[in-house]
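K.L.:
okay, here's the prediction I keep looking at, along with the sequence it came from:
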Amino acid sequence: SIGEEDLDSDDDTSDEEDLSKPLQKEDHGGDEEKANDEDEAEEENDEQQDEDEDEDEDEGPIDPPHDVAEIRTQPYTLPDHYEWCTCDVNHEETMSEIYNLLKHNYVEDVESMFRFDYSIEFLKWALCPPRYCPDWHVGVRVERTKRIVAFITGVPSRIKIRSKTVEMAEINFLCIHKKLRSKRLTPLLIKELTRRVHIMDIWHAVYTTGIVLQTPPPFGMSQYWHRSLNPKKLVEIGFSCPRSTLANAIKLYKLPDMPLTSGFRAMERSDVEAIQSLLRDYLAQFTVAPEFSKEDIEHWFMPTRDDDVIHTFVVEDPESGNVTDFCSFYILPSTILGNEKYKVLKAAYSFYNVNTKTSLCQLMKDALIVAKQKGIDVFNALDIMHNKDVFEDLEFKPGDGNLQYYLYNYRLKSQLLPEELGLLLL
């Protein structure tokens, strides 16, 4: 087995983890590195998909639900010297371990310049939505030291696929310590989480990756676009390259000091029902999209005073007092690797935006303005839903990679276009 001293060494030669989305910089060219565990992840998916290749490609579930009583009750066997654990996200020491595992071993860009830095507050927001199942936060510890060296999570979600609502698990944060990727822990983590999901009578899942898996094929693909808010810093850290001079870039990306829309304000708890109604009507037009209860809206969209994680802004009609539009973004910084001047890249990611009275372009511009006020360096958005309609006018630039969407045990007849996707996974 690998000792504790090996885990702490500085040798950093392993490739990125596979089932995860990449950090995307503005278009610098270059291909995504092939992850060590890619084949392992595909093998796990092959077991469920291969037997169905010769069947009619009808849309819907691939395998029918099983009797929960038939699901094995014991965890899968790990290699010697390792043990399973359920990670309690309300336990301070456990969350600190998870934070450090992700901080040093999770997703980097292909040039190893940036690495996601999920705060503990962000992780609690991502992992504890309404109806969350603690058993779906799965870790692997070293038996001797009890150190967490691998991690995978699921959270429950109701996903609308055309006219059907499907109970699913959203899979995320698959991370294995870089020194242990030869231990073939990836398929074991996936199998164990699948077992725990099945025990709860859930038979489908959705996840995203930054690489293309051959089996199953992705049901959708999207691309990140970036809007510079701090062009000088982005140029100095190598995130972007100005097409002319830095002075021209600063002038190009300059924004007003205050939002432009009358009635634009931060979300309050009394806005939950209005946002739920707006979002339900908006998401109905997309082929695949989540369904949000009032409790979901409060969790995913309501800003908190102390946590710099999610920010939602509404437009309140001055005459009627009704909420007519809203925009939202979450903040996810990245560690800047090997730069003496800057240590953190502060990035905002567009979440869900709905407009009925204000133009989407103006609504998104107001989002950029308030993000700039909060010290954000770059504002990122996927080209799903109607987002790309505003990219040109608001000076967004394309990133250099794609994000693939996958379903477990569910088949769509054909791959969806980005504008048919209404689903955003963290």
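P.N.:
Sure thing, it's come through.
K.L.:
chain center to stretch 248-259, what's the gap?
P.N.:
Computed by C-alpha atoms, centre = their mean, to the nearest Å, the chain-centroid distance of stretch 248-259 equals 28 Å.
K.L.:
convert it to PDB, retaining C-alpha atoms only.
P.N.:
This file holds the C-alpha atoms of stretch 248-259, laid out as PDB (Å, rounded to 0.1, in the frame of the first residue of the first chain):
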ATOM      1  CA  ASN A 248      -8.100  48.700 -25.400                       C
ATOM      2  CA  ALA A 249      -9.100  45.600 -23.600                       C
ATOM      3  CA  ILE A 250      -9.800  47.600 -20.400                       C
ATOM      4  CA  LYS A 251     -11.900  50.100 -22.400                       C
ATOM      5  CA  LEU A 252     -13.700  47.300 -24.200                       C
ATOM      6  CA  TYR A 253     -14.700  45.500 -21.000                       C
ATOM      7  CA  LYS A 254     -15.600  48.600 -19.000                       C
ATOM      8  CA  LEU A 255     -19.100  48.500 -17.300                       C
ATOM      9  CA  PRO A 256     -21.400  51.000 -15.600                       C
ATOM     10  CA  ASP A 257     -20.900  51.400 -11.900                       C
ATOM     11  CA  MET A 258     -24.600  50.500 -11.100                       C
ATOM     12  CA  PRO A 259     -27.200  48.200 -12.600                       C
END
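K.L.:
my read is that residue 126 contacts residue 426, right?
P.N.:
Yes: if you go by C-beta atoms under 8 Å, residue 126 and residue 426 touch, sitting 5.0 Å apart. (C-beta placed from N, C-alpha, C; glycine too.)
K.L.:
these two - which one has more neighbours?
P.N.:
Shown here are residue 126 and residue 426; by other C-beta atoms under 10 Å, residue 126 has more neighbours (22 against 19).
K.L.:
part of a helix, is that one?
P.N.:
Yes: using DSSP: H, G, I helix; E, B strand; the rest coil, the assignment for residue 126 is a helix.
K.L.:
any idea of the pLDDT on it?
P.N.:
If you check residue 126, the pLDDT there is 97.
K.L.:
swap in residue 213?
P.N.:
For residue 213, the model assigns a pLDDT of 85.
K.L.:
can you report how many residues neighbour it?
P.N.:
19.
K.L.:
roughly how far does it sit from residue 404?
P.N.:
Going from residue 213 to residue 404 by C-beta to C-beta, to the nearest Å gives 7 Å.
K.L.:
so for stretch 326-334, mean pLDDT?
P.N.:
97.
K.L.:
can you check stretch 67-79 too?
P.N.:
For stretch 67-79, mean pLDDT rounds to 96.
K.L.:
need the overlap of contacts for residue 126 and residue 426.
P.N.:
Common contacts of residue 126 and residue 426 (C-beta atoms under 8 Å, 6 or more residues apart in numbering): residue 172.
K.L.:
quick one: buried residues of stretch 319-332?
P.N.:
Residues of stretch 319-332 classed as buried by neighbour count (16 or more other C-beta atoms under 10 Å): 323, 324, 325, 326, 327, 328, 329, 330, 331, 332.
K.L.:
low-confidence regions, the stretch 251-400 of the chain specifically.
P.N.:
306 (pLDDT under 70).
K.L.:
where along it do the strands fall?
P.N.:
Ranges of strands in the stretch 251-400 of the chain, per DSSP state E, counting those that start in this stretch, are 264-266, 288-290, 310-316, 323-331, 334-336, 344-345, 347-350, 354-355, 378-382, 397-408.
K.L.:
please identify which of those strands is closest to residue 65.
P.N.:
Among the strands of the stretch 251-400 of the chain, the nearest to residue 65 by C-beta to C-beta is strand 397-408 (13.3 Å).
K.L.:
by contact count, what packs against that closest one?
P.N.:
In terms of contacts (3 or more C-beta pairs under 8 Å, 6 or more residues apart in numbering; DSSP states H and E), strand 397-408 is packed against strand 205-209, strand 220-228.
K.L.:
can you list the helices and strands that the longest one packs against?
P.N.:
Pointing back at strand 220-228 there. By 3+ C-beta pairs under 8 Å, 6+ apart, strand 220-228 packs against strand 378-382, strand 397-408.
K.L.:
ok and it relative to strand 397-408, angle-wise?
P.N.:
For strand 220-228 against strand 397-408, the angle by axes from the mean of the first three to the mean of the last three C-alpha atoms, to 10 degrees is 150 degrees.
K.L.:
identify the residues contacting strand 220-228?
P.N.:
Contacts for strand 220-228 (C-beta under 8 Å, 6+ apart): 24-26, 234, 240, 249, 253, 288, 368, 377-384, 387-388, 391, 394-399, 401-405, 415-418, 420-421.
K.L.:
quick one, it and strand 205-209 angle?
P.N.:
Strand 220-228 and strand 205-209 are oriented at 50 degrees to each other (the same axes, to 10 degrees).
K.L.:
residue 76: which of the helices and strands packed on strand 397-408 is closest?
P.N.:
Residue 76 sits nearest to strand 205-209 of all the helices and strands packed on strand 397-408, at 17.0 Å, using C-beta to C-beta.
K.L.:
just how off-centre is the closest one within its chain?
P.N.:
9 Å.
K.L.:
can I get that strand in CSV, CA atoms only?
P.N.:
This file holds the C-alpha atoms of strand 205-209, laid out as CSV (Å, rounded to 0.1, in the frame of the first residue of the first chain):
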residue,chain,number,x,y,z
ALA,A,205,-28.5,9.4,-12.7
VAL,A,206,-27.1,12.4,-14.5
TYR,A,207,-23.6,13.7,-14.5
THR,A,208,-21.2,15.8,-16.6
THR,A,209,-17.6,15.3,-17.7
